[in-house]
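Peer 1: got a sequence here, can you model it:
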Amino acid sequence: MFEKIGEKLSAMVAIPTVSGNRNRTDYHIGEYREYLQTAFPCLFAAAVPTLVGEALLLKIEGRGEKKLPVLFTGHMDVVPADDASAWRYPPFSGKIVDGCVWGRGSQDMKGPQCALLSAFDELLQEGWRPGRDIWIYLSCDEETGGETTIRAAALLKEKNIRFETVFDEGGTICEDFMGLLKGKAALFGLSEKGSLEYRFTANSEGGHSANPPANSAIVRLADFIHEVEHTEIFCRKLSEGNRAMLRGIAAYSHGEKKEKLLRASEETDDYQTLFELCPEARTLLGATIAFTMVEGGTAFNVMPKKAVLTANVRVASVETEGEITVKLKEIAERHDLICELAGGRDAAPESRADSEGYRNMSGSVKEIYPGLPIIPFVLGGGTDSRHFQELTDNVLRFSPMYAAPEQGRGVHADNESADIQAVADAAACYYSLLKKY
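Peer 2: Here you go, the predicted structure:
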């Protein structure tokens, strides 16, 4: 059914769509949209298109069923491939070798996008028409924050459109999830952590390093880092989504491990069982902070008058940005630092695992991948779906495409590739899902 899908994905990867102001020469998003129209003619003949900046919103009108529409969203843009010499094949070649398409975006997310659009195109060619309206949104700047998607969501809000489910990227079919489940599993993202950027500024009189003052700018930043790193300042709590994840893994486990997973899913205090089971337990228990950039002196023998530290906080649904900001400002003041929230967003609300969209995707995964475990989880990264949160009660962040461990490591890194059979299987899963609408 999807015999040409490898060739289509190869052509999609071969069109650079690197977003960001410094990448304009590798941002051929118009050419990419034109190729999609050529590669998926039945879809574009049936859909009503709306350009939102460089992004594309498509509406496929249904047969008039009195049901809320659904939205499928995904991004056309990709991250840079700065060191082409580190790649086995050129990052924008789309080269097909050993049954794989190689190049930037083959996994994130031109592979899943090719699968989705192929499923739409095949069904429409067969004469299918959905019972309800179906929308597709192809964003142009997800990798740089999704400013255009904010406009697209506002446009849909103006039209008073609400969606039963928003389907986006997030989880995939992967192996050995968090060291808790051996073999392959389908990871259904119920929510995503928020991402906050903080800047901590230390001011000082400066001077010569031969006569260093006490509590200089850099020393105060170092003391601040030490306190934050060695103090439990955030709310340590499992969200309901993470408890559902542990119960989901337990359903596919046996014996003592199953008992421990169920016990961990009920813990509320020191989470001893969770730490025994999972080396990544801290990422499940509320917010994390990572100090990512430091700016300061101008010479090795000059005391800086100003030093700035940047941190990224990934905030979970158990705590808000407001609560975290108060805590960080209190600690910063003790070290005579200025704390500023430079930007970011709170965690997304957690969607239900019994929604219509979740059930439909589960059914399709079981049809195409018999026996594959389905695990709900909370995504650590961000997706376009957060901008549509006001328009729906349910977001499912999942692409039904398998990524081998080495392929998963290629996302946002070198030697990204996608197995052509995995793309075809994903298209078959989307084909099954769409028929339910």
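
Peer 1: all helices for the protein, in order.
Peer 2: Using DSSP state H, the helices of the chain run over 5-13, 29-39, 41-46, 110-125, 147-158, 217-229, 240-250, 255-266, 272-277, 281-284, 321-334, 356-368, 405-409, 420-435.

Peer 1: mind giving me the packing neighbours of the last one?
Peer 2: So the one you mean is helix 420-435. Under the contact criterion of 3 or more CB pairs under 8 Å, 6 or more residues apart in numbering; DSSP states H and E, helix 420-435 touches helix 5-13, strand 100-102, helix 110-125, helix 356-368, strand 395-402. Backbone N, C-alpha and C define where each C-beta goes, glycine included.

Peer 1: go through the ones you listed and pick out the most buried.
Peer 2: Among those, ranked by average contacts under mean count of other CB atoms under 10 Å, first place goes to strand 395-402 (a mean of 27).

Peer 1: just put the helices of the chain in a markdown table and tack on mean pLDDT.
Peer 2: Shown next, in a markdown table, are those (pLDDT from 0 to 100):
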| stretch | mean pLDDT |
| --- | --- |
| helix 5-13 | 98 |
| helix 29-39 | 98 |
| helix 41-46 | 98 |
| helix 110-125 | 98 |
| helix 147-158 | 96 |
| helix 217-229 | 97 |
| helix 240-250 | 96 |
| helix 255-266 | 96 |
| helix 272-277 | 95 |
| helix 281-284 | 92 |
| helix 321-334 | 98 |
| helix 356-368 | 98 |
| helix 405-409 | 91 |
| helix 420-435 | 98 |
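
Peer 1: tell me the most buried of those?
Peer 2: Burial of these is given as mean neighbour count (mean count of other CB under 10 Å); helix 110-125 ranks first at a mean of 25.

Peer 1: helices or strands up against it?
Peer 2: helix 5-13, helix 29-39, helix 41-46, strand 70-75, strand 134-139, strand 395-402, helix 420-435.

Peer 1: out of those, flag the one nearest I368.
Peer 2: Closest approach to I368 among the helices and strands packed on helix 110-125 is made by helix 420-435 (4.5 Å; CB to CB).

Peer 1: tell me the angle of the closest one relative to strand 70-75?
Peer 2: 150 degrees (axes from the mean of the first three to the mean of the last three CA atoms, to 10 degrees).

Peer 1: gap between helix 420-435 and the chain center?
Peer 2: Mean C-alpha position of helix 420-435 versus that of the full chain (CA atoms, centre = their mean, to the nearest Å) differs by 20 Å.

Peer 1: and if you look at stretch 184-204?
Peer 2: Centroid separation for stretch 184-204 versus its chain: 11 Å, with CA atoms, centre = their mean.

Peer 1: now the end-to-end length of it.
Peer 2: 54 Å (CA to CA, to the nearest Å).

Peer 1: try stretch 11-18
Peer 2: Span of stretch 11-18 from end to end, CA to CA: 15 Å.

Peer 1: rewinding a little: in TSV, list the helices and strands packed on helix 420-435 along with distance to L181.
Peer 2: Below are the helices and strands packed on helix 420-435 laid out as TSV (distance: least, CB to CB, whole Å):
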stretch	distance to L181
helix 5-13	28
strand 100-102	25
helix 110-125	22
helix 356-368	15
strand 395-402	15
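
Peer 1: quick one: which of the ones you listed is nearest R236?
Peer 2: Comparing these under CB to CB, the one sitting nearest is strand 395-402, at 24.3 Å.

Peer 1: tabulate the CA atom coordinates of stretch 42-53 in CSV.
Peer 2: Output of stretch 42-53 as CSV, limited to C-alpha atoms (Å, rounded to 0.1, in the frame of the first residue of the first chain):
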residue,chain,number,x,y,z
CYS,A,42,-5.4,13.5,-3.2
LEU,A,43,-4.9,15.1,0.2
PHE,A,44,-4.3,18.6,-1.2
ALA,A,45,-7.2,18.2,-3.7
ALA,A,46,-9.6,17.4,-0.8
ALA,A,47,-8.4,19.8,1.8
VAL,A,48,-9.1,23.5,2.2
PRO,A,49,-5.7,25.2,2.8
THR,A,50,-4.9,28.3,4.9
LEU,A,51,-1.4,29.7,5.1
VAL,A,52,-0.4,31.0,8.5
GLY,A,53,2.9,32.7,7.9
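
Peer 1: any idea how far that stretch is from the chain center?
Peer 2: On CA atoms, centre = their mean, the centre of stretch 42-53 falls 25 Å from that of its chain.

Peer 1: equivalent analysis for stretch 394-410, please.
Peer 2: 10 Å.

Peer 1: how about stretch 384-394?
Peer 2: Using CA atoms, centre = their mean, the mean C-alpha position of stretch 384-394 is found 14 Å from that of the whole chain.

Peer 1: likewise for stretch 276-286?
Peer 2: From the chain centre to the centre of stretch 276-286 is a distance of 19 Å (CA atoms, centre = their mean).

Peer 1: ok so, going back, to A186, which of the helices of the chain lies closest?
Peer 2: helix 356-368 (5.2 Å).

Peer 1: could you give the angle of the closest one to strand 395-402?
Peer 2: Orientation check (the same axes, to 10 degrees): helix 356-368 against strand 395-402 gives 10 degrees.

Peer 1: residues in contact with A152?
Peer 2: By CB atoms under 8 Å, 6 or more residues apart in numbering, the residues touching A152 are V52, A55, L57, Y137, S139, H387.

Peer 1: what's the closest non-adjacent residue to it?
Peer 2: Counting by CB to CB, 6 or more residues apart in numbering, A152 lies nearest to V52, which is 4.5 Å off, once chain neighbours are set aside.
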